[in-house]
Every structure is written in structure tokens, then in C-alpha cells.
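In: Attaching a predicted model along with its sequence, questions to come.
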Amino acid sequence: MFAPPRPLTPDDRRRMLVMRAWSPRERRVVMRGMFGRLAIAVEPAALALLFAGFVYLLVRSGNPYHGRLLAPIFAIGAVAFCTYAIVIMIRPVRAALETCKPIFILDGYVRTRGRDDFSEYGSSGYVAALLPDRRVACEWPVEGSSDLPRAEHPAYLEFSEFGGIHSIDGRSTGVLPDDFPVFGVGGNRPPSTSKNR
């Protein structure tokens, strides 16, 4: 029975593939995205501190009604806002830490395939970077409403383990934007259209 070749491990990738460091421009884009998320996380973090302050004052008041009934309510609110602030920052911080790892360069293939039994809810399948011998160098789940088609094309790829494929044949995939505004302000504007159509 034919068994597919084993995918590369992180150690295999570092031993076998060409690598480069993140450029200052690429790092700047990721850091701006992280600080944009941090600006959003400031509000729930501030509310968590405010609620924690209420808990402290209610317990210190000496009133058993305040300490036993109101303080736990504010404590739950403090924990909820703190958790929300942390959740908001997990992916951006991880993305920033990933800029310390290499970007891999591969002259191989890009493959798409539909979801399988192990796909998470909301997944539309997977995209993979393949070596010339068709071994999987790295694969990422893709979110979407319809299944990706099964396809394979030769391509010159740049990818990172966390971010996915950055470029195919020198053209950006949009995983890493060319630029990102400070704190993300104005980053969700629709593309400008030409008036001379």
C-alpha cells in the first residue's frame, strides 16, 4: 500500500530549505498590527482594573453585604474583562514573536485541498507549500464558506510557519500587507476606485 511521504518537521524545514530574516518593513507591518490590537485591548484592561478596584474597596469597606454580595459580582466582571483583553492580544503577540523566526523560500508547488474529517468548524480546506518531490513543507487551514478545490501548481514561494504563504511567484498573497497604518486607523477602508472608468 502506498503511504504519502512524511511532512517536514520544523527541524527539517530549517535544515533543508533556504531561509531569510524578516525585513525591517515586514516587521514594522506586524508590529503596527500588534499595537493596533493593543489599542483595542486597553479598554477591557482598564475596565478590569476598575472592577478590581471596586472589589478591593467593597471588601475594605467592612460592610458584610458589600463584601459577600457585591464584591463577587465585580470580581467576575474583572476576570471577564481581563480574559477578554488577553484573548484579543494572543494572536498579535504570537505574530510579533514569529518575526524572530525565519521566512522560508521554496521553488516547489502550492497545493489546495478541501476540508477533511479533522477540519475545524468554519474551515474550507487547506493550502500547502510542497517540495519539488511533493512532500509537504508546511500546511495551513483556510477559513471560508465553500470547500477549496483540489489543485496543485508549480510556484516560487515565500512562507512563514505561523503566517502562511506570503508570496507566490513574487506576488503578495495579502497575508502580510504592503503597509499597515499606525494603530490600524484607516486600515479597513475599501480600495479606492478610479474616477476615469
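Out: Alright, I've got the coordinates. Everything numeric here is computed off the predicted structure, so don't read it as measured data.
In: Could you pull up phi and psi at residue 174?
Out: Backbone torsions for residue 174, taken as degrees, to the nearest 10, come to phi 90, psi -10.
In: tell me, how many neighbours does it end up with?
Out: 11 (other C-beta atoms under 10 Å). C-beta here means a position set from N, CA and C on the backbone, and glycine is covered the same way.
In: what's the answer for residue 123, then?
Out: Counted by other C-beta under 10 Å, the residues lying close to residue 123 total 17.
In: which residues does it contact?
Out: Taking C-beta atoms under 8 Å, 6 or more residues apart in numbering, we find residue 123 in contact with 115, 141-144.
In: now the helices: where do they sit in this protein?
Out: 10-16, 24-60, 64-65, 71-98 (DSSP state H).
In: quick one: contacts of stretch 87-105?
Out: 13-14, 17-22, 26-27, 30-31, 33-34, 36-38, 40-41, 44, 129, 137-138, 156-163, 166.
In: Tell me how far it lies from the chain's centre.
Out: 7 Å (C-alpha atoms, centre = their mean, to the nearest Å).
In: same question, stretch 134-143
Out: 16 Å.
In: Kindly report the same for stretch 31-47.
Out: 15 Å.
In: In this structure residue 173 contacts residue 167, no?
Out: Yes - counting by C-beta atoms under 8 Å, residue 173 does reach residue 167; the two are 6.2 Å apart.
In: Give me the buried entries from the contacts of residue 123.
Out: 115, 142 (16 or more other C-beta atoms under 10 Å).
In: what's the closest of the contacts of residue 123 to residue 68?
Out: residue 143 (45.3 Å; C-beta to C-beta).
In: Check that closest one and give its pLDDT.
Out: pLDDT recorded at residue 143 is 87.
In: mind starting the numbering at 38 from now?
Out: Taking 38 as the first residue, the last one we looked at is residue 180.
In: how about it, what does it touch?
Out: Here residue 180 is in contact with 159-161 (C-beta under 8 Å, 6+ apart).
In: Out of those, name the ones that lie in strands.
Out: 160-161 (DSSP state E).
In: got a markdown table for the contacts of residue 180, with pLDDT and distance to residue 170 too?
Out: Formatted as a markdown table, the contacts of residue 180 follow (pLDDT from 0 to 100; distance: C-beta to C-beta, whole Å):
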| residue | pLDDT | distance to residue 170 |
| --- | --- | --- |
| 159 | 76 | 32 |
| 160 | 84 | 27 |
| 161 | 86 | 27 |
